[in-house]
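1. Fold the following, please.
(2 chains)
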Amino acid sequence: MSILSLFRETREVRQFAERPVFRELILSILEDAVWAPNHKLREPWRFIYADGTAKQKLTAAVDADKHPRLVETLAQAPVALIVTSPSNKDERIDNDDFGAVCCLIQNIQMLGWTHGLGMAWELADYSACTELRALAGVRDDERIAGILGLGFFDSLPEKPAVAPLNDRLEVW
Amino acid sequence: MTATQQKSVLSRLVRERRSIRSFAKRALSPELVTELLQAAEASALPAGREPSHRFILASSSEGKAKAASMIMDTYSEQGLYKWMPNKLNQLMADRIAQIPAFLIVIVKEQEESRRNYATVSAVLQSLSLLAWEQGIGTVWNTEPFMHKPSFTSGIGLQADERIVTILYLGYCEKAPKTKPRTSAVSKLTYL
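-> Model (predicted):
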């Protein structure tokens, strides 16, 4: 039997259990996840980890009117993981690196799922979130590719219906 | 497959997957690619958001010949390959045609276009892992030719669309050697 069913079952999680998540577990997931494809082996990612009071401080630093989803995830999830990718003046390198970091984030979601961890991937334009960026130590030459909420969950969220692929796939 | 098996199989797939650039001649069935792509989308599309990407899969010999000739057109459009003898041109066209399948990945450029780019990248990563389990290798191609007018008009790209990548797919004969990765520890800061 193949691993297809794992991919069919995995879904976004936005409601987390309070059960603590051990740092060692996240780290072991990351050690696998860094095998994501990336151009010229630049490994263009960096991780910022926050739980407990550090995570509370991050949450308080975000404008809840502008980024309600992000605040909800930061408040809900036991672990917040910020993943950055470098900004580059060369558009191709900039995109290649961002794409690689997104592949890595997908690895985190899939690997986490096999450990019973759910993930919410927050991504919007956070360039104006100066307080958050300063607290997390995100540099000016970095962009946030994702703010991930990670945690165990009690009930499996409903799987949203996926828009049919047929309408979006042309076969030559 | 039990949960424990899934855990070890996925960890192995993630660590063993390589970008593959030279493929076995064996043809790739578009039905199989479609099935894997469907599962990949199921794993990566966020809830409550309409997908803003689409795909063109070229895997038939006519489809690939069409894609290959469009790629060759962009080379001559750039004027870079004018000096090339026809023989060399033919060689390049043949090389492109030997790739078992192209997946042209197109995303809408609109508000939150970075979010859309992220989502489709995640779909492609899931696809690459599922493909690897089947002995199929992939590589992201992001060469500038795909943004040239002769290519974009050839595939019917709309004004608000952009090509993210052309993913090359095919069965692999042997995987390239492992290059070591930097441990996540040295890229991780605890707040």
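
2. Determine the number of other residues adjacent to B:Ile166.
-> Residues near B:Ile166, counting by other Cβ atoms under 10 Å in any protein chain shown, number 23. C-beta: built from backbone N, CA, C; applies to glycine.

3. my read is it is in a strand, agree?
-> Yes. Under the criterion used here (DSSP: H, G, I helix; E, B strand; the rest coil), B:Ile166 sits inside a strand.

4. My read is that it contacts B:Phe102, right?
-> Yes. With contact taken as Cβ atoms under 8 Å, B:Ile166 and B:Phe102 are classed as touching, separated by 5.3 Å.

5. Who does A:Thr84 form a beta bridge with?
-> Counting by DSSP bridges, A:Thr84 is bridged to A:Arg46, A:Ile144.

6. OK, contacts around A:Ile105?
-> Applying Cβ atoms under 8 Å, 6 or more residues apart in numbering or on different chains to A:Ile105 gives the contacts A:Ala33, A:Val83, A:Trp121, A:Ala145, A:Gly146, A:Leu148, B:Ala118, B:Ala122.

7. and what of B:Ile163?
-> Taking Cβ under 8 Å, 6+ apart as the test, what B:Ile163 contacts is B:Ile104, B:Val105, B:Ile106, B:Met146, B:His147, B:Phe151, B:Thr152, B:Ile155, B:Leu157.

8. Please identify which of the contacts of A:Ile105 is nearest to A:Leu156.
-> Using Cβ to Cβ, the shortest approach to A:Leu156 within the contacts of A:Ile105 belongs to A:Trp121, at 17.7 Å.

9. Mind pulling the model confidence for the closest residue to chain A within chain B?
-> Using Cβ to the nearest Cβ, the closest approach of chain B to chain A is made by B:Gly63 at 2.8 Å. On the pLDDT scale, B:Gly63 is placed at 92.

10. Against B:Met72, how distant is it?
-> From B:Gly63 over to B:Met72 the distance is 15 Å, taken as Cβ to Cβ, to the nearest Å.

11. likewise A:Leu104?
-> According to Cβ to Cβ, A:Leu104 stands 34 Å off from B:Met72.

12. more crowded one of those two?
-> Comparing A:Leu104 with B:Met72 by other Cβ under 10 Å, the one with more neighbours is A:Leu104, at 29 against 18.
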